[in-house]
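In: here's a sequence, model it:
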Amino acid sequence: MCVALPGRVMKIEDDNTALVDFNGNSVEASLGLINVEEGDRVLVHAGCVIQVIDSAEADNMEELFNEISEWAGDL
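Out: Sure thing, here's the model as predicted:
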């Protein structure tokens, strides 16, 4: 199963790469055909930005992933 994770674009490094923050972990991600700006919330899959999403949707996804992580930790 593959999951796209929400993050925040911290810096546009060049035309094809952005630095994306995932709860304190910074990762370089390829921009491909997606136009982003610093501060945008984005979905990243396999090192590529695949979609810009609104903050509320990103917050909901992060909350869900945190709940799953807590539940899985109890196994």
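In: run through the chain and note the low-pLDDT ranges.
Out: Scanning the chain for pLDDT under 70 picks out 1, 74-75.
In: all helices for it, in order.
Out: Secondary structure of the chain (DSSP state H): helices at 55-73.
In: how about the strands in it?
Out: 5-14, 17-22, 25-30, 41-45, 48-53 (DSSP state E).
In: now do the third one: which elements does it pack against?
Out: If I follow you right, that is strand 25-30. Packed against strand 25-30 by the contact rule (3 or more Cβ pairs under 8 Å, 6 or more residues apart in numbering; DSSP states H and E) you find strand 5-14, strand 17-22, strand 41-45, strand 48-53. For glycine as for every other residue, the C-beta is placed from the backbone atoms N, C-alpha and C.
In: same question, the second one
Out: Based on contacts counted as 3+ Cβ pairs under 8 Å, 6+ apart, the elements that strand 17-22 packs against are strand 5-14, strand 25-30, strand 41-45.
In: C-alpha coordinates for the longest one, CSV please?
Out: What it means is strand 5-14. The C-alpha coordinates for strand 5-14 follow below in CSV (Å, rounded to 0.1, in the frame of the first residue of the first chain):
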residue,chain,number,x,y,z
LEU,A,5,1.7,12.3,3.2
PRO,A,6,0.8,16.0,3.8
GLY,A,7,3.7,18.4,4.4
ARG,A,8,4.4,22.2,4.1
VAL,A,9,6.7,23.7,1.5
MET,A,10,9.4,25.5,3.4
LYS,A,11,11.6,26.5,0.5
ILE,A,12,11.7,26.3,-3.3
GLU,A,13,15.2,25.2,-4.0
ASP,A,14,15.1,25.4,-7.8
